[in-house]
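Q: Requesting a structural model of the entry that follows:
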Amino acid sequence: MKSTHFLDRMREQEKWRNEDSINLLPSENSASPQVRALMSSDFGNRYTLPVNSGEGSAFVENAYRGTRITTGVEASAEELCRKVFRSRYACVQPMGGHIAALIAIKSTTARGDSMCAIPVENGGYDGYAGPYIPDIYGLKAWTLPFDQASQNIDTEKAAAAIRKRRPKLVVLGASFILFPYEMGPIREACDDAESYLIYDGSHVLGLVAGGEFQQPLKEGADMLYGSTHKSFFGPQGGLIVTDRKDMDEAVRKNLTWRIVDNVHWNRVAALGQALLEFERFGPAYAKQVVKNSQRLGRELSERGFPLLYEHLGFSRSHQLHIDQKELEAIFRLSMNDFSVRLEKSNLITDSIGRLGTCEITRLGVKEKHMPELADMFMDGAKGEDVRKRVRRFRDQFDMDYRFR
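A: Numbers count the residues shown, from 1 in each chain. Below you'll find the model as predicted:
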């Protein structure tokens, strides 16, 4: 390190990630200057202490004074959240997608129940595997039948398994997610089995909010939740939305002094600003994300880069999936070593086989830019130093554009 001064580290980070590099991670996004300003505001220093008013279990009073503005910020953010996600109820208190999942699962299950989700080996979220959240809550965990050829659940077999095994909870959503689920038959099976159906939209939350991909609540989910910093361009955090009053009440019950102690008000204010931006131009952004994924997939494939699911149009989301066996055969590198090679040229990817188009879309990148991006990517993949080209590519776009 050149310096141990944290402000120096901040300037170095911002120059590298916001000027010198191209981010192709599907799990990150770029927030607007307004969102970032709210994150560094006085809201970040403030605290609340809800107390029971004596009217049942509702926390409707606050032991701390000076909270009238933060209380209003939360109410405004929830109102915007309901509008953007077209839901009756919304909660913006979860401090991350995983925290939102903990709240959602606690609100729909009891110790000894069973739950099922997408298999980890098929891109499902590790947290839903037995040793993690199910172990914390004393749940039995099993996985839904999955069709690797279509990167999707096997709807018929999954519905049959739900009817047979009658889990208390079915979770849709995954870390590797390219295509929408056929939710109708799953909803019918859940009704027959008296199961809750919830949707982890962590990766596709921005697409859902923008009217792309699919609409989980309309298609039968009892609850939708997820991270607010992936395809959704907010601060790191989470949210939960539902159309069911009983679900909202269960969520509220599991917040204060159970899963959430306090709320980070700078994050809530920043999320509110991001929701306001989504209300204004989210649909255009979401459409462009999908277009960029499909065009980048096509351009890379034409240049010989090994991507999966070309026969399905590569993607309907912000992700592209790399054929890792073919990649190792072509480049003689593991996926991890390949990502390290790209990072040396300031092309940022993950080491588990995904590419993402959400942050480049925020910059203003469109289909017409994909041939140039694909050329740089391929040259970087071959070990060439393309840092100067990456910087010139970034310089085409206004730093404050952010798809506004």
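Q: Residue ranges in the stretch 251-400 of the chain under the pLDDT threshold?
A: Within the stretch 251-400 of the chain, the stretches with pLDDT under 70 are 399-400.
Q: any idea where the strands of it begin and end?
A: 319-321, 347-348, 354-356 (DSSP state E, counting those that start in this stretch).
Q: and the last one, how far out from the chain's middle?
A: Averaged C-alpha coordinates place strand 354-356 at 13 Å from its chain's average position (Cα atoms, centre = their mean, to the nearest Å).
Q: now do the second one
A: Mean-position distance between strand 347-348 and its chain equals 19 Å (Cα atoms, centre = their mean).
Q: circling back: export the strands of the stretch 251-400 of the chain to JSON lines and tack on distance to Met376 and mean neighbour count?
A: (C-beta placed from N, C-alpha, C; glycine too.) Below are the strands of the stretch 251-400 of the chain laid out as JSON lines (distance: least, Cβ to Cβ, whole Å; neighbours: other Cβ atoms under 10 Å):
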{"stretch": "strand 319-321", "distance to Met376": "16", "mean neighbour count": "26"}
{"stretch": "strand 347-348", "distance to Met376": "7", "mean neighbour count": "20"}
{"stretch": "strand 354-356", "distance to Met376": "13", "mean neighbour count": "25"}
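Q: Of all those strands, which one comes closest to Gly96?
A: Gly96 sits nearest to strand 354-356 of all the strands of the stretch 251-400 of the chain, at 18.4 Å, using Cβ to Cβ.
Q: contacts for the closest one?
A: 23-28, 176, 230, 296, 318-322, 349 (Cβ atoms under 8 Å, 6 or more residues apart in numbering).
Q: what's near enough to touch the nearest residue to Val340 once chain neighbours are set aside?
A: Nearest non-adjacent residue to Val340, counting by Cβ to Cβ, 6 or more residues apart in numbering: Ser351, 7.8 Å away. The neighbourhood of Ser351, defined by Cβ under 8 Å, 6+ apart, consists of 335-336, 338-340.
Q: give me that answer again for 10 Å
A: Applying Cβ atoms under 10 Å, 6 or more residues apart in numbering, we find Ser351 in contact with 334-340, 343.
Q: are any of the contacts of strand 354-356 buried, and which?
A: 23-28, 176, 230, 296, 318-322, 349 (16 or more other Cβ atoms under 10 Å).
Q: Out of those residues, which comes closest to Ala117?
A: Nearest to Ala117 out of the buried ones among the contacts of strand 354-356 is Phe176 (Cβ to Cβ; 12.9 Å).
Q: need the contact list for that closest one.
A: 26, 118, 120, 122-125, 151, 203, 308, 317, 319, 321, 352-354.
Q: I only care about those that end up buried; give me the PyMOL line for that.
A: To isolate the buried members of those in PyMOL, using 16+ other Cβ under 10 Å:
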select buried, resi 26+118+120+122+123+124+125+151+203+308+317+319+321+353+354
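Q: Helices - which of the contacts of Phe176 land there?
A: Among the contacts of Phe176, no residue falls in helices (DSSP state H).
Q: Val289: which of the contacts of Phe176 is nearest?
A: Nearest to Val289 among those, counting by Cβ to Cβ, is Ser317 at 7.9 Å.
Q: before we move on, the earlier item: quick one, phi psi at the residue nearest to Val340?
A: phi -110, psi 20 (degrees, to the nearest 10).
Q: a markdown table for the strands of the stretch 251-400 of the chain, including distance to Glu367?
A: A markdown table is the format used below for the strands of the stretch 251-400 of the chain (distance: least, Cβ to Cβ, whole Å):
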| stretch | distance to Glu367 |
| --- | --- |
| strand 319-321 | 14 |
| strand 347-348 | 19 |
| strand 354-356 | 16 |
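Q: Out of these, flag the one nearest Lys388.
A: Closest among those, using Cβ to Cβ: strand 347-348, at 12.8 Å.
Q: packing partners for that closest one?
A: With contacts taken as 3 or more Cβ pairs under 10 Å, 6 or more residues apart in numbering; DSSP states H and E, strand 347-348 sits against strand 22-23, helix 335-344, helix 370-381.
Q: for these, which one sits closest to Arg362?
A: Among these, if distance is taken as Cβ to Cβ, the winner is strand 22-23, at 9.4 Å.
Q: Could you export the following helix or strand past the closest one as CSV, CA atoms only?
A: Per DSSP states H and E, the first helix or strand lying C-terminal to strand 22-23 is helix 33-39. Below are the C-alpha coordinates for helix 33-39, written out as CSV (Å, rounded to 0.1, in the frame of the first residue of the first chain):
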residue,chain,number,x,y,z
PRO,A,33,-24.4,11.0,-6.7
GLN,A,34,-27.6,11.7,-4.8
VAL,A,35,-27.7,8.2,-3.3
ARG,A,36,-24.1,8.4,-2.3
ALA,A,37,-24.6,11.8,-0.7
LEU,A,38,-27.3,10.4,1.5
MET,A,39,-25.2,7.5,2.5
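Q: ok, residues contacting helix 33-39?
A: Contacts of helix 33-39 from elsewhere in the structure, counted by Cβ under 10 Å, 6+ apart, are 14, 30-32, 44, 73, 233-236, 264-274, 276-277, 399-400, 402, 404.
Q: Now the buried members of the residues you listed.
A: Those of the contacts of helix 33-39 that meet the buried threshold are 30-32, 73, 233-236, 264-274, 276-277, 402, by 16+ other Cβ under 10 Å.
Q: In helices, which of those residues appear?
A: Among those, the residues falling in helices (DSSP H) are 73, 265-274, 276-277.
Q: Arrange these in a markdown table, one row each, with distance to Arg86 as further columns.
A: Shown next, in a markdown table, are those (distance: Cβ to Cβ, whole Å):
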| residue | distance to Arg86 |
| --- | --- |
| Val73 | 22 |
| Trp265 | 26 |
| Asn266 | 27 |
| Arg267 | 23 |
| Val268 | 21 |
| Ala269 | 23 |
| Ala270 | 22 |
| Leu271 | 17 |
| Gly272 | 17 |
| Gln273 | 20 |
| Ala274 | 17 |
| Leu276 | 16 |
| Glu277 | 17 |
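Q: Lovely, talk soon.
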